[in-house]
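Student: any chance you can model this:
(one chain, ligands or ions: 1)
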Amino acid sequence: MLDVARIREDFPILASEVNERPLVYFDNSATSQKPQVVIDALVEFYSRKNSNIHRGVHHLSEVASGEYEASRTKVSQYINASRPEEIVFTNSTTGSINLLADSLSRSYLREGDEIIVTEAEHHSNLVPWQMACERSKAKIRMLPMEDDGSLSVERLKGMIGERTRLLTVSHVSNVLGIVNPVEEIGALASANDVMYVVDAAQSIPHLPIDVNRIGCDFLAFSGHKVLAESGIGVLYGRHDRLLDLPPSQGGGGMVNKVTMERTTYADPPLRFEAGTPNISGALSLAVALDYMSDIGLRDIIEHEEMLTAHMREGLERFEGLQLYGTADPRVPLFSFNIDGIHHYDLGLVLDKMGVAVRTGTHCAEPLMERYGVKGSVRASLAFYNTIEEIDVFFESLEKAVVLLG
Ligand code: PLP
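Tutor: Residues are numbered from 1 along each chain as shown. Down below sits the predicted model:
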């Protein structure tokens with residue numbers, strides 16, 4: 001069992017008050033809070049190790065370069081990549097998918113090719129593909145979600161045809177919270193020789209990620225959603241796929257040889273890391289992933305299953321509440337509306353009671369359209385949240401409904 005009281009002591013912000021109430025932070029899908037070890041690692045880096053990487057022979061540059069590359073190794077081990085060179089550091093999930101979509105639009109995608117995306121994708125895993133289609137004249141095809149928010153592999157199978165070149169899904173939707181069958185989809189993509197891209201932004205803080213088991217060609221996530229600093233992201237790419245990929249940005253650090261006439265590019269991953277990267281961010285990500293491993297994903301999952309069940313029970317009992325996405329398995333992330341009350345007003349009143357939730361479209365407008373709503377409230381929990389906080393959340397929700405109703 002997770003010793004949550006002890007774990008909470010690692011996160012200074014969790015002890016704070018908002019509007020004279022103890023903070024109940026249920027906006028973890030937007031960004032996670034940071035443990036003291038991550039904060040300390042950043043202070044330590046800027047106090048003792050700061051230097052630019054890969055370009056200096058002096059001591060500090062060697063130290064910073066070594067730690068940056070050690071972070072790459074750590075990330076590769078955490079997601080079971082075959083080698084560190086399969087990890088490209090970017091600034092976020094958004095940065096990773098834009099890099100990939102841009103490169104593919106200039107190399108892999110051709111006029112008339114089809115890209116399958118799901119109806120539940122975050123704009124970050126939709127708009128870059130639309131932009132890639134504008135450049136390459138490829139086309140987007142949308143896989144609709146089932147009524148319970150699940151993804152039908154059968155329906156997907158029926159959509160794959162001769163022109164399907166790429167298939168992308170989120171491991172967990174940031175609205176529905178349901179875990180998609182990414183391994184089964186991986187097998188389907190592989191059997192049909194379709195490039196497979198997974199958006200793991202919402203699964204990385206909750207589930208073990210094993211790129212080999214998933215069978216993906218590419219996978220993206222953000223550091224800030226898994227306890228690290230913001231401004232650091234990861235694009236995992238299978239080595240042979242990365243070797244085939246042209247760079248998306250030019251600049252220092254991504255070249256072999258430059259003349260006025262012609263430039264040759266470095267091997268992956270440096271080919272995709274033009275300019276000075278987020279060095280401290282990469283270090284913070286390694287520390288964050290170590291922290292996750294030290295706690296243990298098995299215990300995290302067990303605790304989160306308890307939180308999920310308690311939330312689910314409360315939401316189902318709540319009068320006039322509509323939950324978006326009811327299928328299992330899921331992570332503790334729930335989007336809902338309450339009859340007759342605007343989601344924005346609910347969010348504001350909950351904040352007055354110290355409860356932080358997100359309101360709006362959650363950057364998933366096609367899915368909002370599917371449900372015929374302008375937005376929703378989203379409560380998203382992490383392993384450092386408690387059953388007691390869920391009870392405070394429901395008491396506050398009841399008061400908010402009385403006030404607004
Ligand atoms: N994909 C999903 C499923 C997300 O939930 C998010 C952010 O909420 C993103 C992509 C984009 O992440 P970022 O803003 O860190 O690039």
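Student: only C-alpha atoms from now on, for both contacts and neighbour counts.
Tutor: Noted.
Student: per-residue pLDDT, S105?
Tutor: We note a pLDDT of 98 for S105 in this prediction.
Student: identify the residues contacting it.
Tutor: The contact partners of S105, by Cα atoms under 8 Å, 6 or more residues apart in numbering, come to A132, C133, R135, S136.
Student: ok, so what distance separates the third one from the ligand?
Tutor: To tie it back to what came earlier, the one meant is R135. Distance of R135 to the ligand, given as Cα to the nearest ligand atom, to the nearest Å: 22 Å.
Student: sticking with that residue, tell me its helix or strand.
Tutor: helix 127-136 (DSSP states H and E).
Student: and which of the contacts of S105 is nearest to I390?
Tutor: A132 (42.0 Å; Cα to Cα).
Student: what secondary structure does the nearest residue to I140 once chain neighbours are set aside sit in?
Tutor: In this structure, I140 finds its nearest non-sequential neighbour in I115, 4.9 Å apart by Cα to Cα, 6 or more residues apart in numbering. Assigned with DSSP: H, G, I helix; E, B strand; the rest coil, I115 falls in the strand class.
Student: and if you look at F89?
Tutor: Per three-state DSSP, F89 ends up strand.
Student: just checking, it touches L235?
Tutor: Yes: taking Cα atoms under 8 Å as the definition, F89 is a contact partner of L235 at 6.4 Å.
Student: where does the stretch 151-300 of the chain get nearest to the ligand, residue-wise?
Tutor: As assessed by Cα to the nearest ligand atom, the ligand sits closest to N174 within the stretch 151-300 of the chain, at 4.4 Å.
Student: ok, that residue touching H122?
Tutor: Yes: with contacts counted by Cα under 8 Å, N174 reaches H122, the gap being 7.1 Å.
Student: hey, what's in contact with both of the two?
Tutor: H362.
Student: low-confidence bits of the stretch 101-250 of the chain, can you list those?
Tutor: Under the criterion pLDDT under 70, no range of the stretch 101-250 of the chain is flagged.
Student: around the ligand, which positions in it sit nearby?
Tutor: Residues of the stretch 101-250 of the chain found near the ligand (Cα under 6 Å from any ligand atom) are H122, S124, S170, S173, N174, D199, A201, Q202, S222.
Student: nearest to E184, of these?
Tutor: The closest of these, once distances to E184 are taken by Cα to Cα, is S170, at 13.4 Å.
Student: what residues does the closest residue to the closest one other than its chain neighbours make contact with?
Tutor: Nearest non-adjacent residue to S170, counting by Cα to Cα, 6+ apart: D199, 4.4 Å away. Applying Cα under 8 Å, 6+ apart to D199 gives the contacts T93, N125, T168, V169, S170, H171, L219, A220, F221.
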